[in-house]
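**Student:** sequence first, then the predicted structure:
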Amino acid sequence: MAELVNGAWVLIADGEKALFLRNDVDGENPDLNVVRIEEQENPSDFDQSANKPGRKQDTGIGQVSAMEDTDWHQLAKERFADELADILYKQAHKNKFEKIVIAAPPKILGELRDKMHKEVSSRVLAEIDKDLTNHPIDKIEQRIKEDIASA
């Protein structure tokens, strides 16, 4: 059974913000404290799109088809996952943490997993596929403790 040891980090992330927390006690009574906060301004796709989706000629006379436009909002979320993976690598390389728990919505968790360096992934104690970014820290402590205990 995994346990949130003293000094372990907890990353709480979604596609736009991330909290890097450190456990300053033990797994029985976690005391998470903010180490770093990362935020990205990511307006809706509608606000980021410059034009209507493009059109292309079809085979028929006077027929045109719409082309799918880039989802800029989703692209920014994926880039944010890249940034988080880079931050984690740098912090792991500096031995800032021995173990880490990552809590994020499934899609972001998958993006992070794909981008994570093996030096970071070897330190992952648990992955929790939940969005906890808008929870107060005491609730995060409780959820992390429960989820790790049941893993």
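**Tutor:** Great, that's in hand.
**Student:** and the strands in the protein?
**Tutor:** 9-13, 17-23, 32-39, 55-57, 64-66, 100-103, 124-128 (DSSP state E).
**Student:** what packs against the first one?
**Tutor:** In other words, strand 9-13. strand 17-23, helix 72-93, strand 100-103, helix 137-150 (3 or more C-beta pairs under 8 Å, 6 or more residues apart in numbering; DSSP states H and E). Quick note: C-beta positions are derived from backbone N, CA and C, even for glycine.
**Student:** for the record, mean pLDDT for the third one?
**Tutor:** Just to be clear, that refers to strand 100-103. Looking at strand 100-103 alone, the average pLDDT works out to 96.
**Student:** just to revisit the earlier point, so which of the strands of the chain gets nearest I137?
**Tutor:** strand 32-39 (5.5 Å; C-beta to C-beta).
**Student:** contacts only, for V25.
**Tutor:** The neighbourhood of V25, defined by C-beta atoms under 8 Å, 6 or more residues apart in numbering, consists of 6, 31.
**Student:** and it, how far is that from R36?
**Tutor:** 19 Å (C-beta to C-beta, to the nearest Å).
**Student:** in CSV: the helices and strands packed on strand 9-13, plus distance to D114.
**Tutor:** Below are these laid out as CSV (distance: least, C-beta to C-beta, whole Å):
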stretch, distance to D114
strand 17-23, 16
helix 72-93, 8
strand 100-103, 13
helix 137-150, 22
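**Student:** pick the most deeply packed of the ones you listed.
**Tutor:** strand 100-103 (a mean of 25; mean count of other C-beta atoms under 10 Å).
**Student:** any weak-confidence spans in this structure?
**Tutor:** Low-confidence segments of the chain (pLDDT under 70): 1, 41-77, 151.
**Student:** ok, back up a step: nearest to N29 among the helices and strands packed on strand 9-13 would be which one?
**Tutor:** helix 137-150 (8.4 Å).
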